[in-house]
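Colleague: the following comprises the amino acid sequence and a computationally predicted model.
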Amino acid sequence: MTYRKRLLYLVILDSIIVSTAIFIATWIVYPLTAGFDVRVIFISAVSLLLFHHLFAALYKLYHKVWAYASIGELFAIFQAVTFSIILTGVVQFFVNDFSVYKRSLLVTWMLHILFIGGSRFAWRMYRDYYMDKRKNKRRTLIVGAGAAGAMIARQLASGENQANLKIVGFVDDNPNKHKMHIYNIPVLGRVAQIEQFVKQKRAELIVIAIPSLSNRALRKIIDKCTKTDAHVQMIPKLEDLMTGKVSVNHLKNVDVEDLLGRHPVELDIKAIKQDVAGQTVMVTGAGGSIGSELCRQLARFQPKQMILLGHGEHSIYMIDRELRRVHGRTIEFTPVIGDVQDRERIFDVVNMYKPTVIYHAAAHKHVPLMEANPHEAVKNNIIGTKNVAEAASENKVNTFVLVSTDKAVNPTNVMGATKRIAEMIVQALNNKSGTTYTAVRFGNVLGSRGSVIPVFQDQIKRGGPVTVTDPKMTRYFMTIPEASRLVIQASTLAKGGEVFVLDMGEPVKIIDLAKNLIKLSGYREDEIEIKFTGIRPGEKMYEELLGENEIHPGPVYEKIYVGKTNYVDERTLNRLIDTFEQLSNTDLKESLMEIVYEEQKVMMV
């Protein structure tokens with residue numbers, strides 16, 4: 001309905017209500033006798049009609065959405081009606097020889113409020129109890145009868161229910177809330193009884209409304225929820241709900257990140273700003289999963305210029321476009337297409353832009369692929385790192401941060417060995433250069449290009465089977481933003497030669513990860529087969545973050561530890577770099593392992 005039509009209908013309706021109210025009130029007060037002057041009543045009716053429309057306009061009674069009417073709207077009606085009656089009484093006083101029909105006006109006031117308020121709230125009741133019943137609403141069970149759960153119930157009860165949900169009950173482990181009602185919705189019982197209540201209430205959706213849940217507690221609730229046929233979702237952060245950034249309509253699916261993630265590392269904002277704000281920073285591999293997120297995080301600290309270097313044309317174009325859209329007015333972004341293996345190109349780029357800090361994220365990371373292509377792993381991970389690191393030294397870059405991996409610890413594969421040798425290269429340069437070199441290790445990154453999760457999701461989408469190498473296989477996991485924050489923080493903590501490591505919590509079994517993904521995708525374990533394929537070439541059963549001979553006791557920053565590896569046999573390294581192209585795949589693998597094992601022997605002495 002258009003605004004003009006709606007306004008016309010409301011004005012006509014109110015005119016009928018006001019006229020009816022005053023004449024009914026007069027008939028009630030003076031049913032048999034002519035104790036009133038008809039002329040005075042008629043003038044009073046006209047006056048009341050005019051005053052009502054005046055105050056209705058002042059209190060915006062014709063502009064309110066009455067489908068969402070609440071106490072505030074009722075109070076506006078009370079004010080508009082009261083002032084209309086008072087001024088009508090003043091008019092009546094002067095036209096009726098300084099006399100007022102007090103009882104008649106009092107009854108008119110009551111009828112006026114009843115009819116005006118009733119007409120508005122009748123529409124809301126019609127909408128809530130009749131129109132909404134005709135909609136096929138999803139029957140929803142809320143986990144958590146606290147502030148967040150109550151907020152969802154209030155939003156739905158107030159009519160802000162575009163999410164098309166009907167709450168059928170709460171579950172909460174607080175026994176004091178059991179059998180209580182929140183917005184007329186019962187608290188049914190404990191979380192352990194979810195399966196029973198889903199069947200009893202025919203719930204189609206379960207919403208987890210406890211923002212403060214630990215990941216372990218969330219996993220327990222998910223385990224209960226996935227035993228039912230109901231879909232599972234979560235609310236956003238409570239502060240976003242409170243500030244109105246999002247509402248109940250922004251429910252999100254439960255992701256593996258919610259089950260595996262930890263409380264994020266809090267950055268030392270002041271220290272990072274000192275190193276980044278107003279400076280030129282360079283990120284290699286800027287189009288990759290880690291590199292692109294590094295760029296996003298760094299842009300928050302307002303560098304003067306960001307050099308986005310990468311080999312992939314499309315990925316560099318995309319991250320450049322994204323950053324320009326968000327920060328283009330305050331930061332100069334320079335996309336550079338270049339291969340870290342091209343020494344002359346890398347030296348030219350670093351010499352041209354002279355960055356203050358270089359974050360080196362460009363690398364080959366896929367374990368089985370590098371096992372089959374060891375020469376490419378050496379060229380990219382070792383020679384590429386050497387090129388960028390030496391260019392940093394020659395151009396007096398303040399800080400060089402190497403993005404490394406937990407697979408560099410006691411490596412059993414080509415990828416891990418090349419990354420450990422890359423660490424050794426930057427550690428060697430640190431001892432004879434004015435540049436501060438450091439490396440940062442972390443485990444598997446959720447959502448990165450090499451992550452197992454997209455593979456599992458694709459297999460589930462195809463109906464299975466989900467392939468897991470071994471039931472005992474475990475890995476450390478972290479999110480891309482978390483990994484990027486660690487890299488940025490490391491650049492401010494670096495004194496030279498360190499290997500920084502994040503406290504990544506407990507390792508996760510890959511089989512458990514697969515089972516959780518199957519459940520969160522809406523399937524039961526018996527519907528999607530899990531198939532064991534055996535460990536692939538070069539893979540470890542268990543990952544490590546620091547070797548026993550590398551560990552410094554205690555964190556150097558919240559959740560950040562530092563290793564103490566420093567030994568480097570430069571002659572052996574240079575001999576490998578000079579001759580690796582003449583070696584067969586087998587000989588090259590043996591040479592790589594020999595270098596890292598020799599380093600471990602020296603460190604243990």
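Modeller: On my side now, so go ahead. The model shown is predicted, which means the values in this text are computed figures rather than measured ones. Numbering: from 1, shown residues only.

Colleague: now do the helices in the stretch 401-550 of the chain.
Modeller: Counting by DSSP state H, counting those that start in this stretch, the stretch 401-550 of the chain has helices at residues 414-430, 452-461, 480-493, 510-520.

Colleague: out of those helices, nearest to residue 206?
Modeller: Closest of the helices of the stretch 401-550 of the chain to residue 206 is helix 510-520, at 12.0 Å (criterion: CB to CB). Using the backbone N, CA and C atoms, a C-beta is placed for each residue, glycine as well.

Colleague: from the chain's centroid, how far away is that closest one?
Modeller: From the chain centre to the centre of helix 510-520 is a distance of 21 Å (CA atoms, centre = their mean, to the nearest Å).

Colleague: show me what that helix packs onto, helices and strands only.
Modeller: helix 215-225, helix 256-260, helix 452-461, strand 466-468, strand 530-532 (3 or more CB pairs under 8 Å, 6 or more residues apart in numbering; DSSP states H and E).

Colleague: mind putting these into a markdown table with mean neighbour count, mean pLDDT and distance to residue 293?
Modeller: As requested, the helices and strands packed on helix 510-520 are exported to a markdown table (neighbours: other CB atoms under 10 Å; pLDDT from 0 to 100; distance: least, CB to CB, whole Å):
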| stretch | mean neighbour count | mean pLDDT | distance to residue 293 |
| --- | --- | --- | --- |
| helix 215-225 | 16 | 81 | 21 |
| helix 256-260 | 19 | 65 | 13 |
| helix 452-461 | 16 | 82 | 16 |
| strand 466-468 | 20 | 90 | 27 |
| strand 530-532 | 14 | 89 | 31 |
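
Colleague: separation between residue 231 and residue 78?
Modeller: Residue 231 sits 44 Å away from residue 78, going by CB to CB, to the nearest Å.

Colleague: ugh, typo on my part, it should be residue 563
Modeller: In this view, residue 563 and residue 78 are 71 Å apart by CB to CB.

Colleague: so those two - more neighbours on which side?
Modeller: Comparing residue 563 with residue 78 by neighbour count (other CB atoms under 10 Å), the higher total belongs to residue 563, at 21 against 15.

Colleague: isn't that one up against residue 499?
Modeller: Yes - using CB atoms under 8 Å, residue 563 is in contact with residue 499, at 3.8 Å.

Colleague: domain assignment for the chain?
Modeller: Following automatic domain parsing, the chain resolves into domains at 3-132, 136-254, 269-444+476-504+547-604.

Colleague: reformat the helices and strands packed on helix 510-520 as JSON lines; add distance to residue 573.
Modeller: Below are those laid out as JSON lines (distance: least, CB to CB, whole Å):
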{"stretch": "helix 215-225", "distance to residue 573": "41"}
{"stretch": "helix 256-260", "distance to residue 573": "36"}
{"stretch": "helix 452-461", "distance to residue 573": "32"}
{"stretch": "strand 466-468", "distance to residue 573": "37"}
{"stretch": "strand 530-532", "distance to residue 573": "39"}
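
Colleague: follow-up on the earlier one: deepest-packed of the domains of the chain, please.
Modeller: The highest mean neighbour count among these, using mean count of other CB atoms under 10 Å, belongs to domain 269-444+476-504+547-604: a mean of 20.

Colleague: about what we covered before: out of the helices and strands packed on helix 510-520, which comes closest to residue 336?
Modeller: Closest among the helices and strands packed on helix 510-520, using CB to CB: helix 452-461, at 28.1 Å.

Colleague: what helices or strands is that closest one leaning on?
Modeller: strand 466-468, helix 510-520.

Colleague: follow-up on the earlier one: now the helices of the stretch 401-550 of the chain in a markdown table, with distance to residue 204?
Modeller: Listed next are the helices of the stretch 401-550 of the chain as a markdown table, based on distance: least, CB to CB, whole Å:
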| stretch | distance to residue 204 |
| --- | --- |
| helix 414-430 | 45 |
| helix 452-461 | 21 |
| helix 480-493 | 33 |
| helix 510-520 | 16 |
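
Colleague: which of the helices and strands packed on helix 452-461 has the lowest mean pLDDT?
Modeller: Lowest mean pLDDT of the helices and strands packed on helix 452-461: helix 510-520, a mean of 81.

Colleague: hmm, who's touching that one?
Modeller: Helix 510-520 has contacts (CB atoms under 8 Å, 6 or more residues apart in numbering) with 219, 222, 226, 232, 253-256, 259-260, 452-453, 456-457, 460, 466, 468-471, 473-475, 477, 524-525, 527-528, 530.

Colleague: was I right about residue 149 contacting residue 211?
Modeller: No - the criterion here is CB under 8 Å, and residue 149 misses it with residue 211 at 10.3 Å.

Colleague: no further queries at this time; thank you.
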